[in-house]
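Visitor: heads up, no residue letters with this:
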């Protein structure tokens, strides 16, 4: 075996075992035919473009590509559901951010005093930058709606742009005051966007037929976002009022850890996990590996995000906040592990592909 | 149908070919524009095989290595013909309109 063949076979290990069992020999043969005289060169390596093509094929084969094994198909559905749920949450939060932005720009009056927001003078470059930054969150809504309406390519472009805008916004503000702790906190927070985006890019590959859901599914997170905006506005008003009370923070220390995006996602996931476990136990026909695996995957970035909120302080307020945060992390961990086990058990056994080579 | 799938089906229209033979023929048919990497080629073959447009014809040993030859199925031939007609129609419309544009004196 030549060095090039050995190296190419190592690249092919990216592929699932069942795929390699069927295709490895002919792929090696085709690759070496194309390599020509370089096939016997000890210093020759497979080109990056060849490696990338095998990596892309491996991803599709593992996530329900054409003729994939039932287990790969189930994983493909789980990854696509991860993208769908993650984007639905981001679409809901983006609706809240957009509504808040409209209030800040004076389109309507917010039910609480938001003070003087640094959005620049009207018609200034600074105002334009803030406007673009605030409107960028709409990209997550575009991504979710496009995905639900059967346009995964548009969804991918919108999510990638949304992620780029999110990174650019942070880099511009962070370079002004470059603190590593701030960077670390941001990186962990960004996982809640990165994980669904990666799931979107990987799961909705070209072998997956586009599925168009109803318009109701498309607007549901937007309606939830509008309701959440009203709830958050009410809570903000209540916090501002309670802040003047001598009993401050009182019960708010127990509520506060649920209010950031990761706290809300934590709450939503815990409800969804509990709901799925009940459905799993009571109605066997609802059992599927995709739902519990998708929920289990999403608990990871949310759990890490919640952990990043732990503070080293020892005053009573910090201790209460930390206690709630630890409870959230433990609940997410237990839910995630439980659903991962349920999902893994529900996965189809074996890895035998139905790929037609005969 | 993607251009890659169309070219692979076209490459198999006259005779059965093995993986590298298909990649070579696709490159020749496209004037060197489409160079299928091996991972990409087998992704396309998987999809075409799943849709029953191509199937395995035979296996041969060549210099101690396995070569699998693929051929077009009847269904694949019909799909290729339908796509070729569609593309020819599109090309005809484009040619007619360009001719009219040139005849009208617009550059």
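Guide: Nice, I can see it. As the structure is a computational prediction, the values presented were derived from the model and not from experiment.
Visitor: for chain B, what are the nearby residues on chain A?
Guide: A:23, A:25-34, A:49-50, A:52-58, A:60-61, A:65-67, A:206-207, A:355-358 (C-beta under 8 Å from any C-beta of the partner chain). Any C-beta I mention is one placed from the backbone N, CA and C, and that applies to glycine too.
Visitor: From the structure, what's the count of residues near residue A:214?
Guide: The number of residues packed near residue A:214 is 10, by other C-beta atoms under 10 Å in any protein chain shown.
Visitor: What score does the residue lying farthest from the centre of chain A have for pLDDT?
Guide: Centroid-distance maximum for chain A: residue A:37 at 45.6 Å, with C-alpha atoms, centre = their mean. Listed pLDDT for residue A:37 reads 78.
Visitor: Using the three-state scheme, assign it.
Guide: helix (DSSP: H, G, I helix; E, B strand; the rest coil).
Visitor: how far away is it from chain B?
Guide: Here residue A:37 is placed at a distance of 14 Å from chain B (C-beta to the nearest C-beta, to the nearest Å).
Visitor: ok, now how distant is that residue from residue A:44?
Guide: 9 Å (C-beta to C-beta, to the nearest Å).
Visitor: Is chain A within reach of stretch B:76-85?
Guide: No: on the criterion C-beta under 8 Å from any C-beta, stretch B:76-85 is out of touch with chain A, staying 12.0 Å away.
Visitor: buried sites along that stretch?
Guide: Residues of stretch B:76-85 classed as buried: B:76, B:79, B:80 (neighbour count, 16 or more other C-beta atoms under 10 Å in any protein chain shown).
Visitor: Quick check: closest non-adjacent residue to the last one.
Guide: The shortest distance from residue B:80 to any non-neighbouring residue, by C-beta to C-beta, 6 or more residues apart in numbering or on different chains, is to residue B:9 (4.3 Å).
Visitor: Hmm, residue B:48 and the one you found touching each other?
Guide: Yes: judged on C-beta atoms under 8 Å, residue B:9 makes contact with residue B:48 at a distance of 7.0 Å.
Visitor: hey, what's in contact with both of these two?
Guide: Listed as contacting both residue B:9 and residue B:48 by C-beta atoms under 8 Å, 6 or more residues apart in numbering or on different chains are B:54, B:76.
Visitor: now residue A:322: how far from chain B?
Guide: As judged by C-beta to the nearest C-beta, residue A:322 and chain B stand 49 Å apart.
Visitor: is it true that that residue lies in a strand?
Guide: No: checked against three-state DSSP, residue A:322 lies outside a strand; its state is helix.
Visitor: Now that it has come up, it's in contact with residue A:310, right?
Guide: Yes: at 5.6 Å, residue A:322 and residue A:310 qualify as touching, with contact defined as C-beta under 8 Å.
Visitor: Low-confidence stretches in chain B?
Guide: Chain B contains residues with pLDDT under 70 at B:105-107.
Visitor: which residues of it fall in helices?
Guide: All helices of chain B, identified by DSSP state H, fall at B:3-11, B:19-29, B:38-50, B:74-103.
Visitor: Include distance to residue A:188 when you put the ones you listed into CSV, please.
Guide: Shown next, in CSV, are these (distance: least, C-beta to C-beta, whole Å):
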stretch, distance to residue A:188
helix B:3-11, 40
helix B:19-29, 44
helix B:38-50, 34
helix B:74-103, 49
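Visitor: tell me the SS of the residue of the stretch 201-350 of chain A found nearest chain B?
Guide: Nearest residue of the stretch 201-350 of chain A to chain B, counting by C-beta to the nearest C-beta: residue A:207, 6.0 Å away. For residue A:207, the assignment made with three-state DSSP gives coil.
Visitor: which one of residue A:322 and residue A:310 has more residues nearby?
Guide: Neighbours per residue (other C-beta under 10 Å) separate residue A:322 from residue A:310, with residue A:322 holding more: 17 against 13.
Visitor: what residues does chain B put near chain A?
Guide: Residues of chain B found near chain A (C-beta under 8 Å from any C-beta) are B:2, B:18-20, B:23, B:37-43, B:46-47, B:49-52, B:55-56, B:62, B:65-68.
Visitor: Mark which of those residues are buried, thanks.
Guide: For the residues of chain B next to chain A, a burial check counting by 16+ other C-beta under 10 Å picks out B:18-20, B:23, B:37-43, B:46-47, B:49-51, B:55-56, B:66-68.
Visitor: can you list the weak-confidence ranges in chain A?
Guide: Short version for chain A, where the test is pLDDT under 70: A:109-121, A:350-358.
Visitor: Kindly state the domain boundaries assigned to chain A.
Guide: Using automatic domain parsing, the domains assigned to chain A come out as A:3-62, A:73-244, A:245-348.
Visitor: which ones are touching residue A:257?
Guide: Contacts of residue A:257 by C-beta under 8 Å, 6+ apart are A:263, A:306, A:309, A:321, A:324, A:325, A:328.
Visitor: Buried ones from those, can you make that a PyMOL selection?
Guide: Listed next is the PyMOL selection for buried residues among the contacts of residue A:257, using 16+ other C-beta under 10 Å:
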select buried, chain A and resi 263+306+309+321+324+325+328
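Visitor: Same list, the contacts of residue A:257, but as CSV with secondary structure please.
Guide: Below are those laid out as CSV (three-state DSSP):
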residue, secondary structure
A:263, helix
A:306, helix
A:309, coil
A:321, helix
A:324, helix
A:325, helix
A:328, helix
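Visitor: Now distance to residue A:76 too, for the contacts of residue A:257, in JSON lines please.
Guide: Putting those into JSON lines (distance: C-beta to C-beta, whole Å) gives the following:
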{"residue": "A:263", "distance to residue A:76": "31"}
{"residue": "A:306", "distance to residue A:76": "29"}
{"residue": "A:309", "distance to residue A:76": "33"}
{"residue": "A:321", "distance to residue A:76": "40"}
{"residue": "A:324", "distance to residue A:76": "36"}
{"residue": "A:325", "distance to residue A:76": "34"}
{"residue": "A:328", "distance to residue A:76": "30"}
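Visitor: tell me the contacts of the nearest residue to residue A:27 once chain neighbours are set aside?
Guide: The spatial neighbour of residue A:27 that comes closest, neighbours along the chain excluded (C-beta to C-beta, 6+ apart), is residue B:38 at 5.6 Å. Neighbour list for residue B:38: A:27, A:30, A:31, A:34, A:50, A:53, A:54, B:19, B:23 [criterion: C-beta under 8 Å, 6+ apart].
Visitor: Quick check: residue B:38 vs residue A:300, distance?
Guide: Counting by C-beta to C-beta, the gap from residue B:38 to residue A:300 is 34 Å.
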